[in-house]
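Participant: Show me the folded form of this:
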Amino acid sequence: MKLTILGCHSATPGINSNPTAQVLEIKNHMFLIDCGEGTQVQLRRNKVKFSRIKHIFISHLHGDHYFGLIGLVNTFSLLTRETELHIYAPKGLKEVILLQMKLSSSWTKYPLIFHELDANESELIYEDDKVEVHTIPLKHRIYTNGFLFKEKKNDRKIDINLVTEANIDKAYFRKLKQGFDVENEDGVLISNEKVTKDPLPTKSYAFCSDTIYNEDIIPIIKDCTVLYHESTFLDKNESLCIPTKHSTAKQAATIAKKANVETLILGHYSTRYNGYDDFKTEAKTVFENTLLSKDGKTFNFD
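Facilitator: Down below sits the predicted model:
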């Protein structure tokens, strides 16, 4: 599982501060999460292959989370894209994007498929044989979701030496990976545990965009491998959280601790601050394994 931070700042973009956008690589998928202004430039800067992006997830309709989308959609057309592009976003974004394309006569040459979200409960919005994605209802000034990306259970690992010794035909390898006992070429039933190893643990990533401190999300993100949680303010500015519906670094750490996650990544910093080390310092007083996001930074979770 690999996470590339394209932008991790709130509000307006700056010379060295890009609004929210991330690329999550998991089980051979490349998911784009949020698409603030300038995202396609950041994709190029970080050498992300545009053609690998087939699914885009938009948390909410504040500009610093989706103003880069129409440009990216149009660029895909200019690059003669033919494959489908799926966009999962709050109801209303489809209307915005289609109006922009209509008024500029710039319709896509590829299938553009919108999945409009309006549920107030967590729901499964994407699934294949390797990964599933659930919404995380958040509390912000407008309708907002986070997203939980979960690997499905991995196959068991075949020990080729033990399989050979047991005289098992390779035609049964798939069954072994799925956990079944199989017969060898002599008709003897071989126990799966004798010739395979436990699968690698599954990984999960929870992206919690703009939200006020909200313990309702804890059951959804419980025990996840990595939690990205907005930390717009430092503790000294906690009074700003109520009117803006944002969180502090310490509040993000509290959620991480109560949800028993393995790693917390902070982001969505207010541009009122000159540096971000204090965010990490404050969060670590509550949750030790805290990391800071940074534009262009990549995290690998093996």
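Participant: quick one: Asp64 is in a helix?
Facilitator: Yes - per DSSP: H, G, I helix; E, B strand; the rest coil, Asp64 lies within a helix segment.
Participant: From what I see, Ile87 and Phe114 are in contact.
Facilitator: Yes - look at Ile87 against Phe114 with C-beta atoms under 8 Å: they come within range, at 5.2 Å. To be clear about C-beta, it is placed using only N, CA and C from the backbone, and glycine gets the same treatment.
Participant: so what sits against both of the two?
Facilitator: Counting by C-beta atoms under 8 Å, 6 or more residues apart in numbering, the contacts common to Ile87 and Phe114 are Leu93, Lys94, Ile97.
Participant: Nearest to Glu121 among those residues?
Facilitator: Minimum distance to Glu121 across the shared contacts of Ile87 and Phe114 is 20.0 Å, recorded for Leu93 (C-beta to C-beta).
Participant: shouldn't that closest one be in contact with Leu99?
Facilitator: No - Leu93 is beyond contact range of Leu99, at 10.7 Å (criterion: C-beta under 8 Å).
Participant: Name the residue in those two with the higher neighbour count.
Facilitator: Using other C-beta atoms under 10 Å as the criterion, Leu93 and Leu99 rank with Leu93 on top: 19 against 11.
Participant: Dihedrals phi and psi, the more buried one?
Facilitator: phi -70, psi -40 (degrees, to the nearest 10).
Participant: now do Lys94
Facilitator: phi -60, psi -40.
Participant: excluding its backbone neighbours, what's nearest it?
Facilitator: Nearest residue to Lys94, sequence neighbours excluded (C-beta to C-beta, 6 or more residues apart in numbering): Phe114, at 4.1 Å.
Participant: list the contacts for that neighbour?
Facilitator: With C-beta under 8 Å, 6+ apart, Phe114 has these contacts: His86, Ile87, Ala89, Leu93, Lys94, Ile97.
Participant: Quick check: which element contains the closest residue in space to Trp107 that isn't next to it in sequence?
Facilitator: Using C-beta to C-beta, 6+ apart and skipping the chain neighbours, the partner closest in space to Trp107 is Met101 (5.4 Å). Using DSSP states H and E, Met101 sits in helix 93-104.
Participant: for the helix or strand following that helix, which positions count as buried?
Facilitator: Downstream of helix 93-104, the next assigned helix or strand under DSSP H and E is strand 112-117. Within strand 112-117, the residues that qualify as buried are Leu112, Phe114, Leu117, counting by 16 or more other C-beta atoms under 10 Å.
Participant: For strand 112-117, enumerate its sheet partners and note whether each is parallel or antiparallel.
Facilitator: Using DSSP bridges, strand 112-117 pairs in its sheet with strand 85-90 (parallel).
Participant: Next, the angle from the partner strand to helix 93-104.
Facilitator: With axes from the mean of the first three to the mean of the last three C-alpha atoms, to 10 degrees defining the directions, strand 85-90 sits at 120 degrees from helix 93-104.
Participant: now strand 85-90, how far from the chain's geometric center?
Facilitator: The chain centre lies 14 Å from the centre of strand 85-90; the measure is C-alpha atoms, centre = their mean, to the nearest Å.
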